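**Q** I'll drop the sequence and a predicted model, then ask my questions.
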Amino acid sequence: IASLPGSSWLARMLFHGRNVHAEAARPGDICSVFPPTSREGLVLRSSSLHRRRQRQKLCRVAPVAQSARGLSDSSTAGDVRRVVREKVYATDASHPIVILPGFGNCTEDYTSPFGEAEFSLVSSLRARGYDVEVAQVDRKDWAKVAQALFTKEFWSSSCTVDSGYLWYLERVEEAVGRSLQGQNATGKVHLVGHSAGGWLGRVFIGDPRFGRQELGAPHPNVASIISLGTPHTAPPDGVRDQTFGVLRWVNDCWPHATFKDDGVRYVCVSGLGMKGASSDLPEAQLNAR
């Protein structure tokens, strides 16, 4: 019923998956969302100033007929409804998680953003019992992408990952290796790619230079890839390609969920910050994928 903005990672981390209340919830109402354990507001911290603010999150209440799974359809208009989101905890059989940073991001953005480890993605996942590794990336490392400037492929927008991203894929390989050596190693990992980390993760799964698998087979140690806000589709002709051909090359080599039938699960999570172009695939084909 209540939907928090998908692009607000900090808000999600502060809520930590707790129940939220939608007060005076009538279909079509705009209402405030608060954690049930506190009506005094959230504590937001920055590296330079600690302040306490009361924040209101706006949401729209859907009709009862469209209520999400886990909610009671017996609630009537005007009732105080609780959105129940059960936390998922790791089990002994859960695979470790490897986080792939987005373009321009560094490891610390996922381990201690603004110096606050408590609110990090890594902290949230570890609190649920998951083993988590982050590919070791410094912000200055992204300057290595500029080496593609000295290749003819750059000027013809026909670059591949060889032009400026091999260093990144090697960092992912190292992080996967660390996960496989952990005390709870299961032989496979879940890749969580933020932004460009999502399509670079697809390369990691399919490129035999990293998995030592046969050509056309997926990386043997990857169980799934979850992409967060990843631009998976190359821009149409006439629109500048910020990857200078790399993303188009990725889609030519490993289109869509290439290894779905080989047991690799693909999950794509998008945000509300930007409206993307519609896919030209038929709806039936999209549903099948």
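**A** In hand now; what should we look at?
**Q** so where do the helices sit in the stretch 51-200 of the chain?
**A** In the stretch 51-200 of the chain, the helices defined using DSSP state H, counting those that start in this stretch lie at 108-111, 121-127, 152-155, 166-180, 196-206.
**Q** Just the buried positions in stretch 120-135, please.
**A** Residues of stretch 120-135 classed as buried: Ser120, Leu121, Val122, Ser123, Ser124, Leu125, Tyr130, Asp131, Val132, Glu133, Val134, Ala135 (neighbour count, 16 or more other C-beta atoms under 10 Å). No exception for glycine: its C-beta is placed from N, CA and C like everyone else's.
**Q** sorry, back to before: pick the most deeply packed of the helices of the stretch 51-200 of the chain.
**A** By mean neighbour count, with neighbours taken as mean count of other C-beta atoms under 10 Å, helix 196-206 ranks first of the helices of the stretch 51-200 of the chain at a mean of 25.
**Q** contacting residues around the helix or strand following that helix?
**A** Next in sequence after helix 196-206, counting helices and strands by DSSP states H and E, comes helix 208-211. Helix 208-211 has contacts (C-beta atoms under 8 Å, 6 or more residues apart in numbering) with 169, 172-173, 204-205, 214-215, 217-222.
**Q** In the stretch 151-289 of the chain, where is pLDDT below threshold?
**A** The model of the stretch 151-289 of the chain has pLDDT under 70 over residues 183-185, 271-289.
**Q** repeat that with 80
**A** Along the stretch 151-289 of the chain, the parts satisfying pLDDT under 80 run over 182-186, 271-289.
**Q** roughly how far apart are the nearest residue to Val222 once chain neighbours are set aside and Asp261?
**A** Of all residues not flanking Val222 in the chain, Ile205 sits nearest, at 5.1 Å (C-beta to C-beta, 6 or more residues apart in numbering). Using C-beta to C-beta, to the nearest Å, one gets 13 Å for the distance from Ile205 to Asp261.
**Q** coming back round to it: I'd like the contacts of helix 208-211 as JSON lines, with distance to Glu153 appended.
**A** Listed next are the contacts of helix 208-211 as JSON lines, based on distance: C-beta to C-beta, whole Å:
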{"residue": "Leu169", "distance to Glu153": "17"}
{"residue": "Val172", "distance to Glu153": "22"}
{"residue": "Glu173", "distance to Glu153": "23"}
{"residue": "Phe204", "distance to Glu153": "20"}
{"residue": "Ile205", "distance to Glu153": "23"}
{"residue": "Glu214", "distance to Glu153": "27"}
{"residue": "Leu215", "distance to Glu153": "22"}
{"residue": "Ala217", "distance to Glu153": "27"}
{"residue": "Pro218", "distance to Glu153": "26"}
{"residue": "His219", "distance to Glu153": "25"}
{"residue": "Pro220", "distance to Glu153": "30"}
{"residue": "Asn221", "distance to Glu153": "30"}
{"residue": "Val222", "distance to Glu153": "27"}
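**Q** which stretches of the stretch 1-150 of the chain aren't confidently modelled?
**A** For the stretch 1-150 of the chain, the stretches with pLDDT under 80 are 1-86.
**Q** still on that earlier bit, what is the nearest of the contacts of helix 208-211 to Thr151?
**A** For the contacts of helix 208-211, the residue nearest Thr151 by C-beta to C-beta is Leu169; the value is 17.3 Å.
**Q** Looks to me like Ala223 is in a helix.
**A** No. Counting by DSSP: H, G, I helix; E, B strand; the rest coil, one finds Ala223 to be strand, located in no helix.
**Q** Tell me who's in contact with it.
**A** Taking C-beta under 8 Å, 6+ apart, we find Ala223 in contact with His95, Lys188, Val189, His190, Gly263, Val264, Arg265.
**Q** Can you tell me which of those residues are buried?
**A** Using 16+ other C-beta under 10 Å as the burial test, the contacts of Ala223 include His95, Lys188, Val189, His190, Val264 as buried.
**Q** which one of those sits closest to Trp199?
**A** Set against Trp199, the nearest of these by C-beta to C-beta is Val264 (14.7 Å).
**Q** ok, the nearest residue to the closest one once chain neighbours are set aside - contacts?
**A** Nearest residue to Val264 in three dimensions, chain neighbours excluded: Pro218, at 5.0 Å (C-beta to C-beta, 6+ apart). Going by C-beta under 8 Å, 6+ apart, Pro218 touches Ile205, Gly206, Gly211, Thr258, Phe259, Asp262, Gly263, Val264.
**Q** give me the element Pro218 is part of.
**A** Of the helices and strands defined by DSSP H and E, none includes Pro218.
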